[in-house]
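In: Provide a 3D model corresponding to the input given below.
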Amino acid sequence: MTISRTFIDFFIDRDHVPTTGSTLIPRLGDPVLFTTSGMHPLTPYLEGEPHPLGRRLVGIQRCLRTTDLDEVGDRTHLTVFEMLGSWSLGDYGSSETLKWGYELLTSRFGLDPRRMYVTVFGGDEQVPLDQESLRTWQELGLPIELTTEDNWWSNGPTGPCGPDSEIFVWTGDGDPEGTPTTDDRWVEVWNHVMMRYRRHDDGSLEPLKQQNDWGGGAGKECNIDTGLGLERLTMLLEGKRSVYETSLFEPWMRTIPKLWKLDERSRRIVIDHLRSSIVIVGDGVHPSNTGRGYVLRRLIRRMLTTLWRDDDSRSLSDVPIELFEHTLSHFHQGETVTMIRRILIDEEIRFSNLLDRGRKVLSHERFHKSLDDTDYKYLHDTHGLPRELVDSLR
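Out: The predicted structure is shown next:
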């Protein structure tokens, strides 16, 4: 049985109803460009709107995050990834979700509790220590680290928010050392958010109506939003060193090293950005200079810049159809391989032409100096050269 199926069935057995995984494109009217978390499509329901499927939900959501872009290339960060999620819409509290999380990871997935550590919200001037989560983990016997900012989840500067409790797994050799905040060999795998509040523009917090009188005590129902990264969990269960070495990336890691000689970090960036670009185009986004299309364009150009660093003859036309097919199949996307491949190659040609034009423009003696804002504005408005591209060519 697959990891995803085991997860879904576990929560179905606990009266959760499966939801259909949404695309990367948020609902109409949502100001966010892409879906960044499993709870994003459920925001109206977490704020109190009745969900047609009930108050206990479970599902898989593909997500895109660019806030961690500089970390892509390490062992665990990805631009597009899948989030396994479970949700309580005011139906149960933190004790239930944390106990289920522990049971699923240890009894069903076989993770060793001796290699687990958890973090809990330690309280601040507005919200007290999360006593219920603390007591639950103490009962289960796991080591606990209290933090403040690291264990507070919000969907932005305003809106739904609350304390969270994160489960970490030791990935180093030998016995576990340190804590999640002092040793990065502790990898976060599952975050449980107790979404009890709404933050207003003035910074004040208002308890969400969809909960029962929670005041830091035990056993009170609230909104629960959990997110378990499929790629990270697969890495842990398969005993791999990075998410890229898992079965999820097998055709990529088998093919790309034979195609292009890249150092490890560059290879990961190229694989991540190309794979992510396929998924984004598969959800109907085309490269452009604004909005979602610009995010896609930046990813493609960042990937090409990495790819061409040592050899500018490399081309996306070299990438075998198999990798496109594998990615579209995995994410259950119906777009045709030929169309997506054409869009990416056209963007590659456009970027190559832009680089050639940029080099010619910047060779003018006017730009043989430190550039100021007026220069950058001229280069952008007259020649279509973004500031970051100008900087990379100098």
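In: Tell me how many other residues surround K240.
Out: Neighbourhood size, K240 [other CB atoms under 10 Å]: 17. (C-beta placed from N, C-alpha, C; glycine too.)
In: which residues sit in contact with it?
Out: T234, T246 (CB atoms under 8 Å, 6 or more residues apart in numbering).
In: give me the element it is part of.
Out: Secondary structure assignment for K240, by DSSP states H and E: no helix or strand.
In: Apart from its neighbours in sequence, what residue is nearest R14?
Out: W100 (6.6 Å; CB to CB, 6 or more residues apart in numbering).
In: residue boundaries of the helices in the stretch 251-394 of the chain?
Out: 264-282, 291-307, 321-330, 337-362, 373-383, 387-393 (DSSP state H, counting those that start in this stretch).
In: centre of the chain versus the last one, how much separation?
Out: Right, helix 387-393. Averaging C-alpha positions (CA atoms, centre = their mean, to the nearest Å) puts helix 387-393 27 Å from its chain's average.
In: So what touches that helix?
Out: Residues outside helix 387-393 that contact it (CB under 8 Å, 6+ apart): R301, T305, L354, L355, G358, R359, L362, L371, Y376, L379, H380.
In: What part of this structure, helix or strand, is modelled with the least confidence?
Out: Lowest on mean pLDDT, DSSP states H and E among the helices and strands of the chain sits helix 387-393, with a mean of 76.
In: residue contacts, the nearest residue to H286 once chain neighbours are set aside?
Out: Among residues not flanking H286 along the chain, G293 sits closest, at 5.7 Å (CB to CB, 6+ apart). Counting by CB under 8 Å, 6+ apart, G293 touches V285, H286, P287.
In: Contacts only, for the first one.
Out: Applying CB under 8 Å, 6+ apart to V285 gives the contacts L24, I25, R292, G293, L296.
In: ok, now with 10 Å
Out: 23-25, 33-34, 64, 277, 279, 291-297, 343 (CB atoms under 10 Å, 6 or more residues apart in numbering).
In: who wins for neighbours among those?
Out: Busiest of those [other CB under 10 Å] is S277, holding 27 neighbours.
In: ok, it touching L344?
Out: Yes - between S277 and L344 there is a contact at 6.1 Å, judged by CB atoms under 10 Å.
In: can you list residues touching both of these two?
Out: P287, L296, I300, M303, L316.
In: contacting residues for the second one?
Out: So the one you mean is L296. Contacts of L296 (CB under 10 Å, 6+ apart): 34, 64, 273, 276-277, 280-281, 283, 285-288, 343-344, 347.
In: Which positions in the least confident helix or strand of the chain come out as buried?
Out: Residues L389, V390 are the ones in helix 387-393 that count as buried (16 or more other CB atoms under 10 Å).
In: Can you dump the C-alpha atoms of it in PDB for me?
Out: This file holds the C-alpha atoms of helix 387-393, laid out as PDB (Å, rounded to 0.1, in the frame of the first residue of the first chain):
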ATOM      1  CA  ARG A 387      17.300  44.200 -12.500                       C
ATOM      2  CA  GLU A 388      18.300  40.700 -11.400                       C
ATOM      3  CA  LEU A 389      19.200  39.800 -15.000                       C
ATOM      4  CA  VAL A 390      21.300  42.900 -15.400                       C
ATOM      5  CA  ASP A 391      23.200  42.100 -12.200                       C
ATOM      6  CA  SER A 392      23.800  38.600 -13.300                       C
ATOM      7  CA  LEU A 393      25.300  39.800 -16.700                       C
END
